[in-house]
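**Student:** next comes the sequence, and after it the predicted model I'd like to discuss.
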Amino acid sequence: MLALGVESRSRGGLFGPRLKSENKAKNAPASDQSWKCMYKSAPTGEVTIDDFEIFAKNRANLLHKIENWRAIGIIGEELSNKIRFEDEREYGGYHELIQSNKDCIAHNVLRLAYSKTEELRRFFVAQECALFEARLKVNPSDYDEIIKSNSIDVEQVSANEKQKYSAELSIMYRQLQMYNKELKIEMFDNARVWKTRFTNCLNLVSKRRVFVVDGYAYLFKTHLLNVISQQFRIVLAGRVNAALRFWPYLKESEGERVVPFLGAVTNYEVKYSEVDIKGGTVKPEMINTLSEQSFPLCMKVLHKSLRDKHHLKHQGRMQFGLFLKAIGLSLDDALRFWKDEFTKNQTSEHFEKNYAYNIRHSYGKEGKRTNYSAYGCTKIITGLAQPTSDDHHGCPFKNFNESSLKMEMRSKEFGDESIREVIELVQRKHYQIACRKYFDLTHPDFQEVSKETSRDEGMPFNHPNTYYQKSRQYHDNNKKETNVTK
Amino acid sequence: MVGTNDLRSYYQKFLPSEQIYSWLSYGDPVYFTKREFAFTRDEFFSRYQSFKNGSELKERLTRNERDIPERFEIGCVYSVPPSQQHSVSPGVFVPISKEFVLDIDISDYNDIRMCGCKESNYCRVCWKLMLCGVEVSDYILTSIFGFKNRLWVFSGGRGIHCWVGDESVRSLTNEGRSAVAEFMHLYQSSKDNNSGRQGKVDTNNLSHPSFSTDSKIFQICQKYFVDVFIDGMDILRDSDKYEKLLSFITDSTLKKQVHNLIDGLDEDDDASETWSEIVKVLNVRKNNTFVQAIVLSFVYPRLDLNVSKGLNHLLKSPFCIHPRTGYVCVPLDPKKDVPKGDSQGFYPEDQCPKVGELVNNNQEATKMMESRVEIFKKFVLDLKKQKSQEKLEESDSMLQF
Ligand SMILES: [Zn+2]
């Protein structure tokens, strides 16, 4: 068990003073620990280490999903709906969520984990804010309560003051109605108006969505969402910065399990399931064709370089070799495949002495007999040494310069518009989504042909072997279709 | 080019360094010591200089006759005096606060300056676009955003700067500065042109009540539009010139009608009456933005957004000398230096002293300088009053508890 509160840090609590866990009645007002109170106080009580880890992993997963949706341009209601669907699956409905210790623990654990670097902090704040906004949208009648419990400086204006600016405010209201269909039922005369310092709703000010007089922005109900979420963003940014200062204490008290976990959870990636691939389904003779049809670009690059130079350096051999193993190349076939290439430049004695051991090792037949699994995208993108000019490992979307990437895509006869889209994703550092875009371009009508039940909207595959599998599925179906029409 | 000797005696005799100190310390001597100054001489640019007070600043400007700066710029206030930045550990030296600044340049109006001026040239007609920039922006800063403490300055070259120094403004984040700048920016922006100065306002931006045809901002703009373009450049009497105006009217029937009105304009007629007729014709159609788009695209201030958005952008100090023109960067009074009644407002040639004239004891120039320093003194005094007023209010509210 892991104590979440701390009476003294040496006693092993994580977040704050340990309290007796209270019996919470359903529909009780939101506690300070809830999302509605912007996680003002830390979670209390105890949690098993397993739960602790699962809560955090699931939350990290959700945040990555949110990032991916936003990266492919999903915004507004559509984004909120997607987030809410996943949110409910993890934390239950509206009332359960408010009482959810799980939500609070997950948020606090990740806040600590993601405090380590500027890049992680930015990621965490951006995705948590999107989650927070999606939750806010569920129940606008909460806004008053949330404003009050978080002491946000917003006040409702008097009828007189509303009257004073009624000409301007009614214009703003009419424009708002055009964006927001639900408001049509309410007349301007009945609409409540609030005001706040313009600095509390910068988004609305910069887009000129509000009327501003003497430094105060005048707001209608839906605008309160922006004010509340701006406040959340500021509070969260401050807390995630503050969380960084927690690490030294943790190292003393939670050294064995929690610290490595917190380090790992930010690298959390989807493990590729290798269960249904049998060794021996892929023969060395098939690799050329498969590479052309179904290898992701990173593996194509490694394969081509192996064919051209009859050599690959260690990181490249690992990345490519484990990929081949996972698509079903048996150990014997792998030895034959690598030997055929390498011995074009060197003697077979040299190969046996220097490389064969490594290949058997990666199949778990030597040394510690670990059965190594193929690298996922996160490892390929961030976990390997930065390739030098004669290395070919890593992710080409990250490592290639723009012109080589363009040349590669032109050779595949992608249109200018598509090339521009991929380059733009790369510039925004969305390498996995760029890779997925590359997949869609080389697999026309993928959704229809593969009979994918749920549309996946260009979400990244996260693993080269998933890319490969999806591609095989596509080509198999394509073949069937052609056979049927014949 | 301005000579070193002239510069040196200007700095010694005329530069109001004590008032500059008084302004930038905002009642707190320590605050002044953390302010970045930057100096330029020939091609040399030295950043991150800081001083204890006004006389130290003056000392830096005059001490070494082989190193008399051609100009000096003001940056932001850091956590640590910039001259000591290397003696603190990394991450400690960070920007903290600065005035919100505006920069408007006449060269950004080239596409509509049909008086024939180009780039940094200007004449009495097109210069008024700068004064329109002052009047409109000053209204937005005060009436809309509630800022009080503004210092408007002629840049000595082709434009105008504004420094807004209210305490709450100086502590604005980059997001806060961007929001104010974006609110003010009505022009179409393209991706490659981040400073966003384009010749046409984006009509999507015109529905906000602060810019409607009933708004104060529109009224100011229309006044300048008639003065500068209808009367000053006489654009309705030259088909090359009114073509630009017609290009905003995308409805062909209305365009035809307006064209007819312009064709009917005789030698002796008052062109501004024809403009009123055009407005009537265009306003017959409900919910169109043609009049707004024309007036605002011609005269609405074209801000250099990048200067306003960043906390650590440097801007030329008031009272330094423009190296090309020799003009002193003098303060303007946003109420008295804009056209009003018979007064045509501030025009550099008439009201701005040059460094050469000053050091040669030209009486007229000296008088001009004195009156400009008076504007600055009054600004600094208002700042002090405002500060003590705020203190009073603060202690009042303390007493209430
Ligand atoms: Zn001109």
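**Tutor:** Cool, got the structure. Numbers count the residues shown, from 1 in each chain, chains lettered A, B, ... in the order given.

**Student:** now the stretch 301-401 of chain B against the ion: closest residue?
**Tutor:** B:Tyr347 (11.6 Å; Cβ to the ion). Heads up, the C-betas are built off the backbone N, CA and C, glycines and all.

**Student:** surely that residue meets B:Trp127?
**Tutor:** Yes. Between B:Tyr347 and B:Trp127 a contact is recorded at 5.9 Å, counting by Cβ atoms under 8 Å.

**Student:** now the stretch 51-200 of chain A, which segments are flagged as low pLDDT?
**Tutor:** Residues of the stretch 51-200 of chain A that meet the criterion pLDDT under 70 lie in A:181-185.

**Student:** name the residues of it found near chain B, please.
**Tutor:** A:Ala167, A:Glu168, A:Ile171, A:Met172, A:Gln175, A:Phe198, A:Thr199 (Cβ under 8 Å from any Cβ of the partner chain).

**Student:** list only buried entries from the residues you listed.
**Tutor:** Restricting these to buried positions leaves A:Glu168, A:Ile171, A:Met172, A:Phe198, A:Thr199, with burial counted as 16 or more other Cβ atoms under 10 Å in any protein chain shown.

**Student:** for the first one, which non-adjacent residue is spatially closest?
**Tutor:** Meaning A:Glu168. Nearest in space to A:Glu168, with sequence neighbours left out and distances taken as Cβ to Cβ, 6 or more residues apart in numbering or on different chains, is B:Pro209 at 3.8 Å.

**Student:** element containing A:Phe320?
**Tutor:** Counting by DSSP states H and E, the element that carries A:Phe320 is helix A:314-327.

**Student:** tell me which other helices or strands that helix touches.
**Tutor:** Contacts defined by 3 or more Cβ pairs under 8 Å, 6 or more residues apart in numbering or on different chains; DSSP states H and E place helix A:314-327 against helix A:297-309, helix A:331-342, helix A:357-362, helix A:464-485.

**Student:** and the residue of the stretch 51-200 of chain A closest to chain B?
**Tutor:** A:Glu168 (3.8 Å; Cβ to the nearest Cβ).

**Student:** what of the stretch 351-486 of chain A?
**Tutor:** Counting by Cβ to the nearest Cβ, the stretch 351-486 of chain A gets nearest chain B through A:Glu424, at 11.0 Å.

**Student:** before we move on, the earlier item: neighbour count winner among B:Tyr347 and B:Trp127?
**Tutor:** Neighbour count, other Cβ atoms under 10 Å in any protein chain shown: between B:Tyr347 and B:Trp127, B:Trp127 has more, with 21 against 18.

**Student:** now do the contacts for that one.
**Tutor:** Applying Cβ atoms under 8 Å, 6 or more residues apart in numbering or on different chains, we find B:Trp127 in contact with B:Ile106, B:Tyr347, B:Pro348.

**Student:** for the second one, what are phi and psi?
**Tutor:** When read as degrees, to the nearest 10, the backbone of B:Tyr347 gives phi -130, psi 120.

**Student:** quick check, pLDDT for it.
**Tutor:** B:Tyr347 carries a pLDDT value of 97.

**Student:** do the same with the one 3 residues further on
**Tutor:** pLDDT recorded at B:Asp350 is 95.

**Student:** sticking with it, tell me its helix or strand.
**Tutor:** helix B:348-351.

**Student:** interface residues of chain A facing the ion?
**Tutor:** Counting by Cβ under 5 Å from the ion, no position of chain A is adjacent to the ion.

**Student:** give me the residue from chain A nearest chain B.
**Tutor:** A:Gly215 (2.9 Å).

**Student:** so how far is B:Val164 from that residue?
**Tutor:** 12 Å (Cβ to Cβ, to the nearest Å).

**Student:** may I have the helix holding B:Asp350 exported as CSV, CA atoms only?
**Tutor:** Provided in CSV are the C-alpha atoms of helix B:348-351 (Å, rounded to 0.1, in the frame of the first residue of the first chain):
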residue,chain,number,x,y,z
PRO,B,348,8.1,67.4,-37.5
GLU,B,349,9.3,70.3,-39.6
ASP,B,350,7.3,72.8,-37.6
GLN,B,351,7.5,71.5,-34.1
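
**Student:** okay, now the domains of chain A?
**Tutor:** Domains of chain A are assigned by automatic domain parsing as A:2-147+A:232-265, A:150-224, A:275-477.

**Student:** export those as JSON lines, with columns for distance to B:Pro81.
**Tutor:** Putting those into JSON lines (distance: least, Cβ to Cβ, whole Å) gives the following:
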{"stretch": "domain A:2-147+A:232-265", "distance to B:Pro81": "25"}
{"stretch": "domain A:150-224", "distance to B:Pro81": "28"}
{"stretch": "domain A:275-477", "distance to B:Pro81": "37"}
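
**Student:** count the neighbours of B:Gly341 for me.
**Tutor:** The local packing of B:Gly341 (other Cβ under 10 Å) involves 5 other residues.

**Student:** for B:Lys244, same thing?
**Tutor:** Residues near B:Lys244, counting by other Cβ under 10 Å: 17.

**Student:** break down the stretch 1-150 of chain A into its strands, ranges please.
**Tutor:** Under the criterion DSSP state E, counting those that start in this stretch, the stretch 1-150 of chain A contains strands at A:2-3, A:46-47.

**Student:** can you tell me which of those the model trusts least?
**Tutor:** strand A:2-3 (a mean of 68).

**Student:** which parts of the stretch 151-300 of chain B are strands?
**Tutor:** With DSSP E, counting those that start in this stretch as the criterion, the stretch 151-300 of chain B has strands at B:159-164.

**Student:** repeat that for the stretch 151-300 of chain A.
**Tutor:** Counting by DSSP E, counting those that start in this stretch, the segments of the stretch 151-300 of chain A that form strands are A:155-156, A:194-197, A:211-213, A:216-219.

**Student:** of those strands, which approaches A:Gly76 most closely?
**Tutor:** When these are compared by Cβ to Cβ, strand A:216-219 sits nearest A:Gly76, at 19.3 Å.

**Student:** now that closest one: mean pLDDT?
**Tutor:** On average, strand A:216-219 scores 98.

**Student:** strands paired with that strand, and their directions?
**Tutor:** strand A:194-197 (antiparallel), strand A:211-213 (antiparallel) (DSSP bridges).

**Student:** reformat the ones you listed as a markdown table; add mean neighbour count.
**Tutor:** Compiled in a markdown table, the strands paired with strand A:216-219 are given as follows (neighbours: other Cβ atoms under 10 Å in any protein chain shown):
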| stretch | mean neighbour count |
| --- | --- |
| strand A:194-197 | 20 |
| strand A:211-213 | 21 |
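
**Student:** make JSON lines from those strands and add distance to B:Lys391 to it.
**Tutor:** As requested, these are arranged in JSON lines below (distance: least, Cβ to Cβ, whole Å):
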{"stretch": "strand A:194-197", "distance to B:Lys391": "20"}
{"stretch": "strand A:211-213", "distance to B:Lys391": "26"}
